[in-house]
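Kindly generate the corresponding structure for this input.
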Amino acid sequence: MRDNEKDVFMMYITPHNTKCEELAVIWEKFAEYVKDLNTPDIIIGKMDAKNNHSEGVDIKRYPELIWYPKDNKVGVSCKYAHTMEGLKKFMQDNSSSYREVVRA
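Numbers count the residues shown, from 1 in each chain. The predicted structure is shown next:
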């Protein structure tokens, strides 16, 4: 997520949380969708934030989706619907790399 050459979209989860488990299914499909777009500048990741610590990341609720664009490694929390359509809309609004590929 600290890679200044890549845009990173992270899903922070905690084990045995129903909302995390439900979103994980959508997140996996979304990750495959982005991978199939052949967007090497975008990384889609997932991390158990309850049992692993990442410096500078303070998760207040689970699941938490944070977008780390190349030029802002502080991150932007995703407030869009946690659906496939919501995630696509978020990327459309926040990622120039995504917009370039989707328009092509």
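
Sketch out the low-pLDDT regions of this structure for me.
Along the chain, the parts satisfying pLDDT under 70 run over 1-3, 104.

Mind naming the longest helix for it?
With secondary structure taken from DSSP state H, the chain has its longest helix at helix 18-36.

Okay, buried residues for that helix please.
Of all the residues in helix 18-36, those buried under the rule 16 or more other Cβ atoms under 10 Å are Cys20, Leu23, Ile26, Trp27, Phe30, Ala31, Val34. Placement of C-beta: from N, CA and C, glycine included.

Show me what it packs onto, helices and strands only.
Applying 3 or more Cβ pairs under 8 Å, 6 or more residues apart in numbering; DSSP states H and E, one finds that helix 18-36 contacts strand 7-13, strand 42-48, helix 84-94.

Return the most buried member of these.
Mean neighbour count (mean count of other Cβ atoms under 10 Å) peaks for strand 7-13 among these, with a mean of 23.

Compute the inter-axis angle for it and helix 18-36.
160 degrees (axes from the mean of the first three to the mean of the last three Cα atoms, to 10 degrees).

if we can go back for a sec, list of residues touching the longest helix of the chain?
11, 13-14, 42, 44, 46, 62-63, 82-84, 87-88, 91, 98 (Cβ atoms under 8 Å, 6 or more residues apart in numbering).

Go again with 10 Å.
9, 11-15, 17, 42-46, 48-50, 61-65, 82-88, 90-91, 95, 97-98, 101 (Cβ atoms under 10 Å, 6 or more residues apart in numbering).
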